[in-house]
Each structure stands twice: as structure tokens, then as C-alpha cells.
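S.K.: everything below, folded, please.
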Amino acid sequence: MARTRVLLAPDSFKRSLTSAEVAAALAEGLRSHPAPPEVRSRPLADGGEGSVDAAVAAGFSPEEVEVPGPTGAPVRAAVAWRGDTVVVEVANTCGPTLLPGGRPDPLGASSQGVGLALRQVLTRRPRRVVLALGGSASTDGGLGMLEALGAVDDGGRLDVGPAVASLGGVDLVLATDVDNPLLGPRGAAPVFAPQKGADGATVDLLARRLDALVSRAESAVTGARVLAAAPGAGAAGGTAWAGLLLGGRVVPGAGWFLDLLDLGGVLDGCDLVVTGEGRLDEQTPGGKLPWAVAGRARARGVPVELVVGRCDLAEEVWRAAGIRAVHVLGDLTDRDPSRDSALTARLLAAVGRSIADRLSLP
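M.R.: Presented below is the predicted three-dimensional model:
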């Protein structure tokens, strides 16, 4: 009798475990059962933290680059190559985990490291560059990235011509799971800067800086302010808008990465998909990765279960999406798993064992 085939396809549990670590912990629990199912792992990402790691888990090759982090201190980051496609990640070049001592710097943090990572990969002449935009510590509108790519002249004037020339027709894919514009009440400063340590006065200052930057860009790029209003332009502190100035295109990160990482190929022949993320809430149905995975699996008739740290979404909503069960780590402990990665891993293993127990029932 053939064993049940389980595909583990989680996102990361942000600031706790990478998607690969989540999959490994679940797999440990599943395989600890006396009659374990066949386990396949495909750690995933939606354009945020862990995108390079997910690409490597799917067969891309890692390559290290050294760049200045968000406050200028050097960091070593990985990019991921497969053929003529390369994935570059904002989170591992200018993300909040790279801030010295973990101290936020909402006014000073820069996207320069992203630009320098792009400069290094462009020397290899890729056909496609995927810029994974989630997890930025900066709200500089991508100015640091533009400066690193040569789009600011010695007089401080924006001139994207040299940067566009350095791209040389490369397909610049800007992957994000948010649709916020750069400016306005839903813009990068008011929505995301408070998460980066900005108080009210700092948010106002950052918003004025971004508006002034758009005005500067209008003299160099026709339609710069129109691009600032585009859905997703506010991603990564406005780095997405800078990418649009260079001719890039914004794509929904979850769906795009599912194709890039070939979820369809590993779904074939599976009897159950287990996916998840740190928190299931009202934002999840708007395009977060577990929802996208559930949709792909449902289209193939494969049952889906979610494992999450916390669930704030009504049961009728996730059941209507065809999700069979949601396992909540927070319900298994009186501690906060998001603050304890070792605890999170143990709870994930326990959930994996529980799933295997149920699968083994006649």
C-alpha cells in the first residue's frame, strides 16, 4: 500500500524561523511517527524575508556578495542564481535584522546595499533580476539604490540614464506582497515607517522627503509622480518606486514566486499540502503566500492544512477558501512562540506528529 504523500510548502515565520527551518521541523514530526508518510519539502517565499533561501531550496545556486547594510556597516548577503535568472533580496541587504544592535534608524537607514548587490550581479549579464522587496529597514524611496547604480550625478541631480544603461534590457521583476503607493495616506511613510521605529513627527518628515524626491525625479523621468501612485510603489520603503523608474515591473510576490519555485511540479502526486506563516489574519486573503498555495492546491483537488503561530481570521473565512484545518502554535503553549525560535520548532514538530497520527488512522 502506497504511503500518503505530504508536501510541506510553508512561508517563513518572520523573525523566528526561515521557511526551510519551518519545513524541517514539521518534517521531523511527521517522520517520527511509526508509520510515517512520504514527505516532500518546498520551502517558499513571497518576495519577502527568506526569498533567496527559498530559491536555493528549489535548486538555485547561492552566491555571496558583500555590501553596506542599512546603516553602512558591511554585511555579507546571498543572492541566488539559476541559469540567467538571479534573485536579490532586500531583507538580507538592508533589512531590520541587519541594524547594529537592533536599533531602528528610520531617518538614516538606506537602500544603498540593494543597489550595490544589483551592480555586482549585473556584471554577470543576467536576463532576469528578481528583486524580492519585503523586509526593508529604510524609507528612502530607493534613493540609496539609485545612487549605487549611478542614477544620481555629482550635483545631486537624478539621472536614471546610466542606471538604465547598466541594466542593459534586463527584465527587472519587483516582487512584493503589498499594493501601497509611494505617497499619500496609504504610502510608504505612514503605513510602514512606524514598524521601522518612526514616531509621528518622523513619519511626517519621511513623507515630505519622499514627496520632494518624486519632484526631483520628475525632471529626469517622465511620469515619475504617476509611477509613485502605482500599486506596490511603496514597497520596501519606496524601493519599488525606484525600480519602476528604472523600467522594472511590479508583480504579486506570492503567485510569482510559486511559479518561479515550481510549486506545480512538486504538487503532482501529493495527497496533502501543509503550508503556513507566522500569523493568519485579515491580510492573508489579500494575496499572502499560504492563501496562494491553498488556491493552487485546491485547483488540483489536493487538501490543504495551515500551520500558523497565531490565527486572527474567522474560521468561516478560511474554510470557505477550501482549507481543511488550521493548526495554531499559540494554542499549544502559554508562552509566545514568536519570541522563541526553539519553542516554535518544537511546537511545529509536535504539529507534524499530530498530522501523521491522523493520517495513519484507518
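S.K.: give me the distance between the residue nearest in space to the middle of the chain and residue 136.
M.R.: Taking Cα atoms, centre = their mean, the centroid of the chain lies closest to residue 48, which sits 1.1 Å from it. Separation of residue 48 from residue 136 (Cβ to Cβ, to the nearest Å): 10 Å. Yep, even glycine has a C-beta here, placed from its N, CA and C like the rest.
S.K.: thought residue 251 was touching residue 171?
M.R.: No: counting by Cβ atoms under 8 Å, residue 251 sits too far from residue 171 to count as a contact (10.6 Å).
S.K.: looking at the two, which has the bigger crowd around it?
M.R.: residue 251 (18 against 15; other Cβ atoms under 10 Å).
S.K.: can you tell me the helix or strand for the more buried one?
M.R.: Residue 251 is located in strand 249-252, with elements delineated by DSSP states H and E.
S.K.: contacts for that strand next, please.
M.R.: 171-177, 230-233, 235, 240, 243-244, 287 (Cβ atoms under 8 Å, 6 or more residues apart in numbering).
S.K.: hmm, back to that, what's the overlap in contacts for residue 48 and residue 136?
M.R.: residue 91.
S.K.: okay, now the domains of the chain?
M.R.: 5-43+262-359, 51-254 (automatic domain parsing).
S.K.: in a markdown table, list those domains along with mean pLDDT.
M.R.: A markdown table is the format used below for the domains of the chain (pLDDT from 0 to 100):
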| stretch | mean pLDDT |
| --- | --- |
| domain 5-43+262-359 | 93 |
| domain 51-254 | 95 |
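S.K.: out of those, which is the most enclosed?
M.R.: domain 51-254 (a mean of 21; mean count of other Cβ atoms under 10 Å).
S.K.: that domain: how far from the chain's middle?
M.R.: Relative to its chain's centre, domain 51-254 lies at 13 Å (Cα atoms, centre = their mean, to the nearest Å).
S.K.: quick one on the thing from earlier: partner strands of the strand holding residue 251 and their direction?
M.R.: strand 171-176 (parallel) (DSSP bridges).
S.K.: what's the helix or strand following the strand it pairs with in contact with?
M.R.: Scanning forward in sequence from strand 171-176 by DSSP H and E, the next helix or strand is helix 188-192. Helix 188-192 is contacted from outside by 139, 141, 180, 182, 198, 203-204, 206-207, 210, 234-235, 237-238, using Cβ under 8 Å, 6+ apart.
S.K.: go on, stretch 334-345?
M.R.: With Cβ under 8 Å, 6+ apart, stretch 334-345 has contacts from 13, 15-17, 21, 25, 278, 309-310, 329-330, 333, 347.
S.K.: hmm, residue 108 is touching residue 71, no?
M.R.: Yes: here residue 108 reaches residue 71: they are 6.1 Å apart, a contact under Cβ under 8 Å.
S.K.: out of the contacts of helix 188-192, who's nearest residue 266?
M.R.: The nearest member of those to residue 266, counting by Cβ to Cβ, is residue 235 at 27.6 Å.
S.K.: for that closest one, which non-adjacent residue is closest in space?
M.R.: In space, and not counting its chain neighbours, residue 235 is closest to residue 176: 3.8 Å by Cβ to Cβ, 6 or more residues apart in numbering.
S.K.: can you name every helix or strand that the one helix or strand residue 265 maps to contacts?
M.R.: Element membership for residue 265 (DSSP H and E) is helix 263-267. Applying 3 or more Cβ pairs under 8 Å, 6 or more residues apart in numbering; DSSP states H and E, one finds that helix 263-267 makes contact with helix 289-299.
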